[in-house]
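Trainee: Next one to model:
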Amino acid sequence: MKWPESLTLIRHGQSKYNELKIKNELYDVCAQNYTDETTPLTDEGKQQANIVGEKLKEIIKIPDVVIMSPYLRTRETFDNLVVGWPELANVLQFEDERIREQDHGLKLIYCNKDEFFKAYPDQEKLHKKNG
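Mentor: So this is what the prediction gives:
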């Protein structure tokens, strides 16, 4: 196997988690039963991927292979890249579970005091009472 001539890295489009984070509504992620693996793209994220596909088509050669994470948002990003660059659909594709974000569990929510208190209002009362 030869070394690649170039390597292009693409981050997924805006995910539902990203949208809720922007809106400061992270507690809704738990309420909607999203996991890190099953968080979908938003409509904006799908449009972002489509635009990236259109732009990449103009500046790089079609890749020999596409390697992506098995996460839903990654697959949806690729599917929408194909909308902007239809030839990508014919490229050899692999999913590799090692390509993923680090799993911090609930730390991301618990490190944000406001989000923690939204999820656990009794803890906020205790915090105000006891400090």
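Trainee: Please enumerate the helices of this protein.
Mentor: 16-22, 27-31, 43-59, 72-84, 107-110, 113-119, 121-130 (DSSP state H).
Trainee: Return the most buried member of the ones you listed.
Mentor: Looking across the helices of the chain with neighbours counted as mean count of other Cβ atoms under 10 Å, the highest average goes to helix 72-84: a mean of 20. Backbone N, C-alpha and C define where each C-beta goes, glycine included.
Trainee: Could you list every helix and strand in contact with that one?
Mentor: Of the remaining helices and strands, those touching helix 72-84 by 3 or more Cβ pairs under 8 Å, 6 or more residues apart in numbering; DSSP states H and E are helix 43-59, strand 65-68.
Trainee: pLDDT averaged over it, what's the number?
Mentor: Helix 72-84 shows a mean pLDDT of 96.
Trainee: Stretch 15-35 now?
Mentor: Across stretch 15-35, pLDDT averages out at 69.
Trainee: Could you check how far the residue lying closest to V66 once chain neighbours are set aside is from K125?
Mentor: In space, V66 comes closest to Q93 once its chain neighbours are excluded; the distance is 4.8 Å by Cβ to Cβ, 6 or more residues apart in numbering. In this view, Q93 and K125 are 51 Å apart by Cβ to Cβ, to the nearest Å.
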